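Enquirer: Requesting a structural model of the entry that follows:
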Amino acid sequence: MTNLTIRPRSAFDDLGFAGTIEALVAQTQQLYLADGVPWVVGYSGGKDSTATLQIVWLALAGLEPNQRTKPVHVISTDTLVENPVVAAWVTHSLDVMESAAVEQTLPLTPHRLTPAVTDTFWVNLIGRGYPAPRPKFRWCTERLKIKPSNTFIREMVRSHGEAILVLGTRKAESSGRHARMSALESRRVRDLLSPNDSLPNALVYSPVENWSNDDVWTFLMQSPNPWGYSNKQLLTMYQGASSDGECPLVVDSSTPSCGDSRFGCWTCTLVEQDKSMAAMVQNDDEKEWMRPLIDLRDELVPREDVVDASGRTRSLINDRDKRDFRRMNGSVQLFRGELIPGPYTQTAREEWLTKLLQVQTLVREIGPDYVGAIDLITLPELEEIRRIWVVEKHEFEDSLPRIFQEATGEPYPGGPLDEHLPLGADMIDSLRAVAGEDRPHFELVRELLDIEQRHRAQVRRAGLFDSLEKALRRGFYDNEDDAKARALSRQAAMERTPEDTDGEDPDPLDVADGYVRPISEPTS
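Expert: Prediction:
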């Protein structure tokens with residue numbers, strides 16, 4: 001019996017390749033001319049967004065110059081921790097695109113969007129001490145991807161009342177994507193335009209929504225890139241990495257982020273291994289310079305094998321030794337009898353910065369010319385981290401300039417710190433020597449000195465006592481064991497019943513969160 005192979009249906013089956021592209025370009029032109037609503041095209045540099053932008057470009061180029069009255073904005077979100085190869089590809093593509101649009105008199109403007117400095121990966125991880133992102137604490141996608149693109153789109157909506165998003169989303173990407181797009185399709189308020197749940201007055205046009213993966217590549221290989229970039233080099237980049245490839249423009253939480261061997265952030269810790277970057281290094285000796293990035297990324301999420309109740313071995317992140325036993329607000333919390341770890345300690349944050357700057361220096365030395373001046377962390381990020389350490393975390397020894405010089409061999413390029421520090425370096429060293437291993441109380445004295453210094457020059461010392469109280473609560477515990485014992489004692493007291501106390505009231509005092517207070521008082 002002969003085995004028959006059924007070829008998957010192609011979007012080009014009915015009209016043929018040329019007929020399908022001609023019809024899609026004509027459809028895009030009709031939508032463009034239908035109203036005065038500006039278009040925002042999402043461009044990540046990957047295959048789907050490239051195919052979508054080519055369709056839009058061909059549609060604009062096919063119109064008469066007097067018909068090209070509506071602006072088309074091409075937005076590309078750079079998280080500042082993108083795979084350096086892809087980031088360089090996209091940045092150069094935007095430059096070429098801008099020149100070609102001017103030369104061809106098209107109303108198309110590319111925009112490279114970046115997160116606000118307070119939202120970047122390193123400011124949150126090294127500055128604030130957020131632990132590396134993980135499935136149950138995915139703090140990165142919203143800050144790095146969604147906010148920059150949504151801010152731009154909302155500005156378009158405020159200026160024009162409405163905006164049309166042109167995205168390269170396809171139903172064939174996944175079953176979830178198919179269900180999501182089909183549900184929105186049923187709610188279309190205009191022909192071919194779907195609503196966007198998270199962006200009011202923004203409609204979505206997906207010209208390649210019914211294309212397969214093979215259809216996309218067929219189009220890209222048979223249609224020359226209209227702004228003069230090389231689609232064959234794009235294919236080569238995919239072949240050098242993993243098969244499923246790109247990181248889409250993310251405008252809402254339903255869009256998949258870079259978690260499935262996609263081109264995305266080289267720091268991504270939401271998967272056990274960055275397969276695309278690893279494949280690039282393995283397949284191309286000239287990309288061996290990227291290995292230090294892979295090694296640093298792996299250090300962010302140290303793993304250990306744990307056997308669960310069912311006998312299965314699971315690989316879990318274990319970075320407790322790098323994290324404070326207190327939460328960000330200074331409180332302690334229990335989960336299954338153990339303290340929930342908080343942010344990275346000062347020592348860990350300083351170590352991360354040192355390693356990052358060392359990797360940056362090494363990559364500049366051994367990498368190709370296009371990464372000879374690469375900034376794995378930018379100067380504005382360093383300045384914000386320095387401010388957070390000194391002002392918000394009261395680490396007024398101001399160690400960042402020293403770390404920078406030791407790690408890079410160059411003087412710190414930032415300006416002087418606009419802060420009057422309460423103690424000099426010698427006094428800090430003396431205080432540390434007196435405290436010895438008693439880190440919590442060293443931090444307490446340091447914070448109290450900083451608070452007093454900041455309130456000294458104020459005519460009205462508003463907030464002084466609140467700041468002092470918070471500092472005392474944070475520094476109340478002798479160490480992690482002391483904090484755990486007190487938290488367990490508090491938990492036991494809260495679980496006591498009248499029967500346990502022979503009808504007496506439970507112990508009216510609670511020493512959780514760093515100071516004694518009535519148990520009826522709400523905890524923070």
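
Enquirer: Ramachandran coordinates for residue 108?
Expert: The phi and psi values for residue 108, taken as degrees, to the nearest 10, are phi -120, psi 130.

Enquirer: Would you mind confirming that it is in contact with residue 60?
Expert: Yes. At 6.5 Å, residue 108 and residue 60 qualify as touching, with contact defined as C-beta atoms under 8 Å. Just so you know, the C-beta spots here come from the backbone N, C-alpha and C atoms, and that holds for glycine as well.

Enquirer: got any residues that touch both of these two?
Expert: When contacts are counted by C-beta atoms under 8 Å, 6 or more residues apart in numbering, the set common to residue 108 and residue 60 consists of residue 72.

Enquirer: Quick check: pLDDT value at the residue nearest the centre of the chain.
Expert: With distances taken as C-alpha atoms, centre = their mean, the residue of the chain nearest its centroid is residue 140 (3.2 Å). Looking at residue 140, its pLDDT reads 93.

Enquirer: so what's it closest to, chain neighbours aside?
Expert: Nearest residue to residue 140, sequence neighbours excluded (C-beta to C-beta, 6 or more residues apart in numbering): residue 133, at 4.6 Å.

Enquirer: Burial check on that neighbour, number of neighbours?
Expert: The number of residues packed near residue 133 is 25, by other C-beta atoms under 10 Å.

Enquirer: Roughly how far does it sit from residue 342?
Expert: For residue 133, the distance to residue 342 equals 16 Å [C-beta to C-beta, to the nearest Å].

Enquirer: cool, residue 429 as well?
Expert: 26 Å.

Enquirer: More neighbours: the two, which one.
Expert: Higher neighbour count among residue 429 and residue 342: residue 342, with 19 against 12, using other C-beta under 10 Å.

Enquirer: circling back: would you mind measuring from the residue nearest to the centre of the chain to residue 359?
Expert: Remark: distance between residue 140 and residue 359 (C-beta to C-beta) = 19 Å.

Enquirer: Next: residue 158.
Expert: Separation of residue 158 from residue 359 (C-beta to C-beta) stands at 41 Å.

Enquirer: between these two, which one's more packed in?
Expert: Higher neighbour count among residue 158 and residue 359: residue 359, with 19 against 10, using other C-beta under 10 Å.

Enquirer: just to revisit the earlier point, now for the residue nearest to the centre of the chain: which residues touch it?
Expert: Residue 140 makes contacts with 79, 121, 124, 133, 265, as judged by C-beta under 8 Å, 6+ apart.

Enquirer: Over to residue 466?
Expert: By C-beta under 8 Å, 6+ apart, residue 466 has no neighbours at all.

Enquirer: Which parts of the stretch 401-524 of the chain are strands?
Expert: Using DSSP state E, counting those that start in this stretch, the strands of the stretch 401-524 of the chain run over residues 509-510, 517-518.

Enquirer: Same question for the stretch 151-300 of the chain.
Expert: Assigned by DSSP E, counting those that start in this stretch, the stretch 151-300 of the chain shows strands spanning 163-166, 194-195, 202-205.

Enquirer: which of these is buried the deepest?
Expert: strand 163-166 (a mean of 24; mean count of other C-beta atoms under 10 Å).

Enquirer: mind checking how far that strand is from the chain centre?
Expert: From the chain centre to the centre of strand 163-166 is a distance of 23 Å (C-alpha atoms, centre = their mean, to the nearest Å).

Enquirer: What mean pLDDT does that strand get?
Expert: 96.

Enquirer: And residue 434, how close does it get to residue 75?
Expert: According to C-beta to C-beta, residue 434 and residue 75 sit 54 Å apart.

Enquirer: Of the two, give the one with the bigger neighbour count.
Expert: Neighbour count, other C-beta under 10 Å: between residue 434 and residue 75, residue 75 has more, with 23 against 11.

Enquirer: Could you check how far the nearest residue to that one once chain neighbours are set aside is from residue 167?
Expert: Closest residue in space to residue 75, ignoring its immediate chain neighbours: residue 111 at 4.9 Å, by C-beta to C-beta, 6+ apart. Using C-beta to C-beta, one gets 15 Å for the distance from residue 111 to residue 167.

Enquirer: Could you check which of the two is surrounded by more residues?
Expert: Neighbour tally, residue 111 and residue 167, criterion other C-beta under 10 Å: the higher count belongs to residue 167, 24 against 16.
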